[in-house]
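Asks: Pasting a predicted model and its sequence here:
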Amino acid sequence: MTERGGPAGSGEPLLSVRDLEKHYPIEEGFLSRRVGTTRAVDGISFEIYPGETLGLVGESGCGKSTAARSIVRLDEPTGGEVIFNGDGRGRAERNDDGTHPNDVTRFDRAELKAFRRDVQMIFQDPASSFDPRMTVGSAVAELLSVHGMTDGRRRRGIVENLLERVGLSATDYDRYPHEFSGGQKQRVALARALVLNPDLVIADEPVSALDMSVQAEVLSLIEELQATFGLSLLFISHDMSVIERICDRVAVMYLGELVEVGPVEEIFAEPQHPYTEALLSSVPTPDPRAERERIELSGAVPDPADPPDGCRFHTRCHRVIQPEGIDLEQPVWRRLLDFRELVVSGAIDIESLRDRAATDAAPEEGDPVAEGAVSVAERIRDEFDLPRRLSDPTAERALGDAIGELLEGDTEAAAERLASVIVTPCETTVPGWTDHGNGHRSSCLRHRPEGRPIAPDPATDDR
Ligand SMILES: Nc1ncnc2c1ncn2[C@@H]1O[C@H](COP(=O)(O)OP(=O)(O)OP(=O)(O)O)[C@@H](O)[C@H]1O
């Protein structure tokens with residue numbers, strides 16, 4: 001973390017990512033017919049300022065690595081701009097056709113080569129990024145020769161010096177990758193990332209594969225090197241504690257989109273998006289009295305090939321909005337929506353519930369109160385953690401009738417009933433961004449109820 005890094009408004013950004021998109025086609029059959037699209041990165045925008053560390057955080061599969069790879073064009077982005085003002089390029093005016101001269105996505109081979117000198121990547125698994133037959137010194141020095149340094153003695157001198165600066169020794173130059181521990185290999189990876197004196201380093205989960213104690217050492221080293229070399233860092237992690245330790249600002253990613261961006265201190269103190277709040281709730285705090293209540297998200301992360309309409313997080317959100325005319329306790333509302341989803345997707349096995357209710361109701365020998373046993377309808381409510389009677393009459397009527405229809409075997413009627421009454425604006429409206437000041441923004445309908453109604457038929461939208 002540095003003092004120099006700053007939010008929007010403090011000087012020119014080094015890197016501006018605008019509506020970046022990486023969609024993978026899903027193909028099927030002999031003719032590779034396109035049958036769908038995985039929206040791994042689906043229109044993300046952020047800036048990185050000189051000297052700052054921006055964290056990119058989110059659960060596994062939300063698109064962090066794809067975003068990083070698209071920025072450096074290890075994967076070709078399918079949309080958006082990546083404007084890089086490093087290497088003294090400064091912010092240039094746009095061309096007459098609206099494109100930007102510093103847009104990495106349009107760079108030709110020579111421009112890309114220069115860009116890849118200025119921007120380096122570090123990956124989670126250092127082992128896979130080294131050739132086992134090459135000494136680590138030559139692996140680092142190779143970059144210098146690729147970029148035109150012909151003097152071998154000079155190359156060796158630079159690399160030996162760097163190895164020392166990352167906490168290894170000059171004599172390690174001639175050793176092979178297998179002779180190093182995971183933490184040491186990540187130090188070599190740092191040396192390699194720094195050897196061309198880049199402006200920006202993109203570190204993709206650089207400490208996740210390391211033991212806790214080694215993690216702390218490598219994080220300290222990254223911080224120290226960042227200050228010494230005046231680097232900007234894009235630091236990718238699924239771990240909020242690591243983000244808190246090392247980042248100035250953080251961008252929170254969910255299912256291909258950003259949901260909140262802002263200064264780390266502010267976001268940790270007052271997260272605005274329920275997803276950020278949930279991620280933070282699992283971070284241990286030094287003061288047990290200040291421990292946050294752990295938020296259990298409902299269900300699994302949806303498939304990025306078929307993201308939910310409206311706010312993508314609504315299928316798991318603990319703060320999902322209730323429609324006008326319904327007023328339930330929030331956890332009950334969440335569970336009612338989950339129940340609706342199960343009914344609509346046909347996942348309720350009414351026969352097995354009926355069997356279980358029958359077992360529960362079977363009188364024990366000598367049991368005088370068999371009538372006190374639960375009915376199948378009650379059994380269904382218990383199974384899905386729904387109260388025997390909802391406090392809201394509209395919701396209660398819909399649920400009671402739908403359960404009745406389920407029991408009559410009319411799943412379709414039950415699904416239709418629930419889908420028409422148990423609805424949330426979060427599934428029909430795409431939230432806009434709300435500015436909380438100081439470069440802190442979040443995208444949740446609770447702050448910006450107007451949002452944008454969903455496109456008429458996103459299923460056929462195959463951008
Ligand atoms: N080459 C590819 N072809 C098709 N789909 C891909 C490809 N690479 C990634 N994906 C999909 O894109 C989505 C985002 O993956 P990505 O690896 O970027 O996520 P992540 O947040 O970095 O997760 P992790 O931390 O587990 O690597 C996933 O659904 C993944 O399956």
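Replies: Cool, got the structure. Numbers count the residues shown, from 1 in each chain.

Asks: domains for the chain, by residue range?
Replies: 15-133+176-281, 330-360+373-423 (automatic domain parsing).

Asks: okay, those domains, which one's buried deepest?
Replies: domain 15-133+176-281 (a mean of 19; mean count of other CB atoms under 10 Å). Backbone N, C-alpha and C define where each C-beta goes, glycine included.

Asks: residues contacting Q120?
Replies: By CB atoms under 8 Å, 6 or more residues apart in numbering, the contact set of Q120 is R192, A193, L194, L196, P198, L200, V201, I202.

Asks: got a markdown table for the residues you listed, with pLDDT too?
Replies: Output for those, formatted as a markdown table (pLDDT from 0 to 100):
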| residue | pLDDT |
| --- | --- |
| R192 | 94 |
| A193 | 93 |
| L194 | 94 |
| L196 | 93 |
| P198 | 94 |
| L200 | 96 |
| V201 | 96 |
| I202 | 97 |
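
Asks: Columns distance to the ligand on top of these, output as a markdown table?
Replies: Listed next are the contacts of Q120 as a markdown table, based on distance: CB to the nearest ligand atom, whole Å:
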| residue | distance to the ligand |
| --- | --- |
| R192 | 21 |
| A193 | 19 |
| L194 | 23 |
| L196 | 25 |
| P198 | 22 |
| L200 | 18 |
| V201 | 17 |
| I202 | 12 |
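
Asks: Show me which residues of the stretch 1-150 of the chain sit near the ligand.
Replies: Residues of the stretch 1-150 of the chain lying near the ligand by CB under 6 Å from any ligand atom: Y24, T38, A40, G58, S60, G61, C62, G63, K64, S65, T66.

Asks: What parts of the stretch 251-400 of the chain come near the ligand?
Replies: P304.

Asks: any weak-confidence spans in the chain?
Replies: Counting by pLDDT under 70, the ranges of the chain that qualify are 1-10, 86-88, 286-291, 360-374, 449-463.

Asks: and whatever helix or strand I83 lives in, what does it pack onto?
Replies: Assigned by DSSP states H and E, I83 belongs to strand 79-84. Contact partners of strand 79-84 among helices and strands, from 3 or more CB pairs under 8 Å, 6 or more residues apart in numbering; DSSP states H and E: strand 15-28, strand 33-48.

Asks: starting at the chain centroid, how far to the following helix or strand past the last one?
Replies: Using DSSP H and E, the helix or strand that directly follows strand 33-48 along the chain is strand 53-57. Relative to the centre of its chain, strand 53-57 is centred 10 Å away, using CA atoms, centre = their mean, to the nearest Å.

Asks: What pairs with strand 53-57, parallel or antiparallel?
Replies: strand 232-237 (parallel), strand 249-254 (parallel) (DSSP bridges).

Asks: In CSV, could you pull the C-alpha coordinates for it?
Replies: Output of strand 53-57 as CSV, limited to C-alpha atoms (Å, rounded to 0.1, in the frame of the first residue of the first chain):
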residue,chain,number,x,y,z
THR,A,53,-2.4,-0.9,-5.7
LEU,A,54,-5.9,-1.7,-6.9
GLY,A,55,-7.3,-5.0,-5.7
LEU,A,56,-9.7,-7.1,-7.8
VAL,A,57,-11.6,-9.4,-5.6
